[in-house]
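Asks: From the sequence below, what's the structure:
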Amino acid sequence: MTRLKEPSPSLPTLVRACRPRQWVKNILVLTAPVAAGVVTQPRALGQMLVAVIAFTVAASGIYLVNDAIDVEGDRAHATKRLRPVASGELSVRAAWTAAAVLLPAALVISALLTWQLLVVVAIYEALQLWYCLGMKHEPVIELASVASGFLLRAIAGGVATHVVLSQWFLIAAGFGSLFMAAGKRYAEIRLTRETGVAIRPVLERYTPSYLRFVWTMSAGVMVTTYALWAFTMRAAASNEWSVISIVPFVVALLRYAVDVDSGAAGEPEEIVLHDRMLMVLGAIWAACLMGSVYL
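Replies: Have a look, this model is predicted:
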């Protein structure tokens with residue numbers, strides 16, 4: 001018998017499988033350059049663009065790997081069943097093939113800029129593959145794996161533009177990443193208990209009270225660290241904008257926490273894109289932050 005050849009996936013289908021809505025996470029690459037005041041330099045802009053592209057390509061490859069591995073489970077999920085791999089629009093083989101191209105491509109793109117960025121992207125890919133291949137079922141370890149994706153993006157912006165990352169930045173970014181990861185799991189466990197549909201096996205190892213503890217602790221450390229950084233910045237600058245930025249930062253965090261506590265933070269990028277007030281608060285915070293650096 002002649003084996004039927006699988007149809008080639010269309011480019012729009014492949015792009016949808018790479019989850020373009022989640023590429024908004026890559027804006028974290030800009031945080032260190034903005035805080036350091038180098039974002040207006042043409043050379044730095046080019047370096048940031050390369051870092052964003054590298055992480056976009058790397059993350060797309062990871063999403064394809066994850067969807068190829070979880071295809072059966074996704075088909076039983078209320079919304080994930082609509083993803084191209086789960087729905088059959090994109091074959092598992094095509095997903096693996098595209099991932100095999102994208103993951104090395106991200107490393108090549110990173111190497112074109114600096115070896116430090118190459119190391120960061122390589123660590124990101126290794127950790128996320130580790131997550132996809134089994135660590136997603138290990139409580140706490142999987143939380144750290146998810147959080148590392150946010151943190152490494154923030155670090156990448158620093159190494160790409162040769163910005164020295166302070167201990168305050170790393171601590172705030174690290175616990176902020178853990179806050180978002182714990183909030184995501186908290187939303188998922190609430191949805192699981194309300195619908196009775198298991199979203200991911202690891203949720204059986206968590207309780208809502210534990211996840212609330214994690215994201216409450218993370219938020220407290222993040223706010224404290226950010227405030228310490230802001231007052232340190234005021235001592236080095238000639239204005240009060242860094243201290244003023246604490247207000248919109250905390251209010252935005254509290255606004256985001258409303259979504260977390262309601263169980264609506266399953267996809268952080270969706271919250272950011274659909275909560276206009278949160279976007280306004282973020283813009284005010286960014287303006288204050290840039291004022292502390294450029295005024």
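Asks: For stretch 221-232, buried residues please.
Replies: For stretch 221-232, the neighbour count (16 or more other C-beta atoms under 10 Å) marks 221-223, 225-227, 229-230 as buried. Bear in mind the C-beta positions are built from the backbone N, C-alpha and C, glycine included.
Asks: where are the low-confidence patches of this protein?
Replies: Scanning the chain with the threshold set as pLDDT under 70 gives 1-9, 77-78, 195-199, 263-267.
Asks: Which parts of it are helices?
Replies: Applying DSSP state H to the chain gives helices spanning 11-17, 31-36, 42-69, 71-75, 84-87, 92-111, 115-132, 141-160, 167-195, 208-236, 241-244, 246-261, 268-274, 276-294.
Asks: List of residues touching the first one?
Replies: Right, helix 11-17. The contact list for helix 11-17, computed with C-beta atoms under 8 Å, 6 or more residues apart in numbering, reads 63-64, 67, 83-85, 89-90, 94-95, 98.
Asks: Out of those residues, the closest to Ala286 would be?
Replies: Tyr63 (27.2 Å; C-beta to C-beta).
Asks: residues contacting that closest one?
Replies: Residues near Tyr63 by C-beta under 8 Å, 6+ apart: 17-19, 22.
Asks: Quick one: which of those residues is the most crowded by neighbours?
Replies: Ala17 (25 neighbours; other C-beta atoms under 10 Å).
Asks: if I pick the residue nearest to that one when sequence neighbours are not counted, what's in contact with it?
Replies: The shortest distance from Ala17 to any non-neighbouring residue, by C-beta to C-beta, 6 or more residues apart in numbering, is to Pro84 (4.1 Å). Contact analysis of Pro84 by C-beta under 8 Å, 6+ apart lists 9, 13-14, 16-17, 67, 90.
Asks: before we move on, what about Thr207?
Replies: Ile189.
Asks: doesn't Ala51 make contact with Ala106?
Replies: No: the pair Ala106 and Ala51 does not pass the contact test of C-beta atoms under 8 Å, sitting 10.6 Å apart.
Asks: So those two - more neighbours on which side?
Replies: Higher neighbour count among Ala106 and Ala51: Ala51, with 29 against 25, using other C-beta under 10 Å.
Asks: Just to check, that one is in contact with Val29?
Replies: Yes: using C-beta under 8 Å, Ala51 is in contact with Val29, at 4.9 Å.
Asks: Would you mind grabbing the residues shared as contacts by the two?
Replies: 156-157, 160.
Asks: now those in CSV, with neighbour count?
Replies: Converted to CSV, the shared contacts of Ala51 and Val29 look like this (neighbours: other C-beta atoms under 10 Å):
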residue, neighbour count
Ala156, 30
Gly157, 31
Ala160, 28
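Asks: from those residues, which is closest to Val71?
Replies: Among the shared contacts of Ala51 and Val29, and counting by C-beta to C-beta, the member closest to Val71 is Ala156, at 29.6 Å.
Asks: can you tell me how far that closest one sits from Leu129?
Replies: Between Ala156 and Leu129 the computed distance is 17 Å (C-beta to C-beta, to the nearest Å).
Asks: And Arg190, by the same measure?
Replies: Taking C-beta to C-beta, one finds Arg190 at 29 Å from Leu129.
Asks: just Ala98 next, same as before
Replies: On the measure of C-beta to C-beta, Ala98 and Leu129 end up 15 Å apart.
Asks: Repeat that for Asn66.
Replies: 9 Å.
Asks: Looking at these two, which one has more neighbours?
Replies: Each of Asn66 and Leu129 has its neighbours counted (other C-beta under 10 Å); Asn66 has more, 22 against 17.
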